[in-house]
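*Asks:* need a structure here:
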Amino acid sequence: MSPATSTEHRLRPRGSNQLGMRQFNERVVLQAIRLNGSLPKAEIARLTKLTPQTVQVIIGRLDADGLVKKLAPVRGKVGQPSVPMALEPDGAFSIGIKIGRRSMDMLLVDFTGQVRQRNSLSYTFPDPATLFGEIDVRLRALAAMLPPKLRSRLHGVGIAAPLSLGGWQSLLGVPPVQAAKWSDIDIRERVEAMTELPVVFVKDTAAACVAELVAGRGRSIKSFLYVFFDTFIGGGLVIDSHLRGGLHGNAGAVGSLPVGLGQPGSSAPPAQLLSVASLFNLERRYLDHSLDPVAAGDARALDKPWRPHTDAWLREAGPALALAINSAACLLDLEGVIIDGSCSRELLQAAIGHVEQSLVRYNWEGVARPAVLAGTIGSDARAIGGALLPLYANFAPDRDLFLKLGQ
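*Replies:* Now for the predicted structure:
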């Protein structure tokens, strides 16, 4: 199935011509345009099953509200030229905040999902006593960067952070007292006190998955496992074009998957994937050889003198992730696996290559082997995914497109 055909097939829900559905139909039209980049009115009507007259009226309202714009006419072989409609980038804005174990990123995102402004802060490990003060100052500064006439179009703040920010402190070498500071903190509540804007919270890797679902390969793949290389490897799960959060919000938590069997007579549990295939493992290899650990996130990872240690990490991480993918494919019957991360594109491709080599060694009889694809968003995926949540809450027809945030 081609990407265009798949996107059309998944455009749900369709519009309705019944009275009282004005706002819903407007959102359906906006969603159709977002999924396709731009569309003439006739194509919008065909995709949404709305009448051409209804689409004409809706486009007029959306244009008057500054949410869509006309592109240059496209002349065909016969008849009048068609005029594609696209989202107006200045139509709406939101702010995405990624709080990680090594850094905080804050992005101002426009209606098309493009990053307009960025603010970042690096640290060894986040300290809530100082981090929230930094977020407060930077949040106000970021909002102030919008021209006064556009500030009313700022619709919310989306926060992406690990569900257990203070977890796995022994692996990271973080003192327990420092990690424990996060145990009773409600991150959404703390940020909500800083602004009058609506604030939503989502697990960081689920937010990254949202970005890929909305703006990346997820527009053409219905069901996929999403994997994100970061300080700790994590992921998300999309089934039938919906992000599945699970009972505790942990669906797709690939980092917790075991990479072996428990040994008979041993009380020690098998290692988890995150203890083998996370970027902190790569950083530790560099530190053990007096090399800059920051290279794990940039192009130096594949250059001398880092390359031999990177190759050693890849030889362990690739097979471990392949085991997780094989298990997930047997259980979920996936169309694909999308892998992204806060590393260079070159390192990502090298990791995917090692995963593919390892997948060849599995017996796929009785189960379909999913395609393994590189993500398209990169290190900004978590913050962009967070920013997309307020936009979808205001402008998408399906409020459950991603997950029930109240779970």
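*Asks:* pretty sure Gln349 is touching Gly375, no?
*Replies:* No: the criterion here is CB atoms under 8 Å, and Gln349 misses it with Gly375 at 11.2 Å. C-betas here are computed from N, CA, C, even on glycine.
*Asks:* of those two, who's got more company?
*Replies:* For Gln349 versus Gly375, neighbours defined as other CB atoms under 10 Å are more numerous around Gly375 (24 against 12).
*Asks:* Contact partners for the more buried one?
*Replies:* Listed by CB atoms under 8 Å, 6 or more residues apart in numbering, the contact set of Gly375 reads Ala208, Glu212, Gly216, Arg217, Tyr226, Phe228, Ile338, Ile339, Asp340, Gly341, Leu348, Ala381.
*Asks:* In these, find the pair that's most separated.
*Replies:* Arg217 and Gly341 (14.6 Å; CB to CB).
*Asks:* which element is the residue nearest to Gly156 when sequence neighbours are not counted on?
*Replies:* Spatial nearest neighbour of Gly156, chain neighbours left out: Pro390 (2.7 Å); criterion: CB to CB, 6 or more residues apart in numbering. Pro390 belongs to helix 381-395 when assigned by DSSP states H and E.
*Asks:* Check which helices and strands that helix sits against.
*Replies:* When contacts are defined as 3 or more CB pairs under 8 Å, 6 or more residues apart in numbering; DSSP states H and E, helix 381-395 sits against helix 22-36, strand 93-99, strand 103-110, strand 154-161, strand 199-203, helix 204-215.
*Asks:* Double-check Pro397 against Phe24; I have them as touching.
*Replies:* Yes: taking CB under 8 Å as the definition, Pro397 is a contact partner of Phe24 at 5.9 Å.
*Asks:* Between those two, which is the more surrounded one?
*Replies:* Remark: of Pro397 and Phe24, Pro397 carries more neighbours, 22 against 15, as counted by other CB under 10 Å.
*Asks:* OK, contacts around the more buried one?
*Replies:* Pro397 neighbours (CB under 8 Å, 6+ apart): Pro13, Phe24, Arg27, Val28, Gln31.
*Asks:* now Lys98
*Replies:* Residues near Lys98 by CB under 8 Å, 6+ apart: Met104, Asp105, Met106, Ile159, Ala160, Ala161, Asp204, Ala207, Arg382, Ala383, Gly386.
*Asks:* which of the residues you listed tops the neighbour count?
*Replies:* Neighbour max across those (other CB under 10 Å) = Arg382, 36 neighbours.
*Asks:* quick one: contacts for that residue?
*Replies:* So Arg382 contacts Gly96, Lys98, Gly100, Asp105, Ala160, Asp204, Thr205, Ala207, Ala208, Ala211, Phe228 (CB under 8 Å, 6+ apart).
*Asks:* Which helix in this structure has the most residues?
*Replies:* For the chain, the longest helix by residue count, based on DSSP state H, is helix 307-332.
*Asks:* What mean pLDDT does it get?
*Replies:* Averaged over helix 307-332, pLDDT sits at 96.
*Asks:* Could you look up the next helix or strand downstream of it?
*Replies:* strand 336-341.
*Asks:* That next one: partners in the sheet, and parallel or antiparallel?
*Replies:* The sheet places strand 336-341 alongside strand 224-229 (parallel), strand 371-374 (parallel), with pairing taken from DSSP bridges.
*Asks:* hmm, who's touching the longest one?
*Replies:* Defining contact as CB under 8 Å, 6+ apart, one finds that strand 224-229 is touched by 205, 208-209, 212, 217-218, 233-238, 252, 254, 277-279, 321, 324-325, 328-329, 332, 334-343, 348, 351, 370, 375, 381-382.
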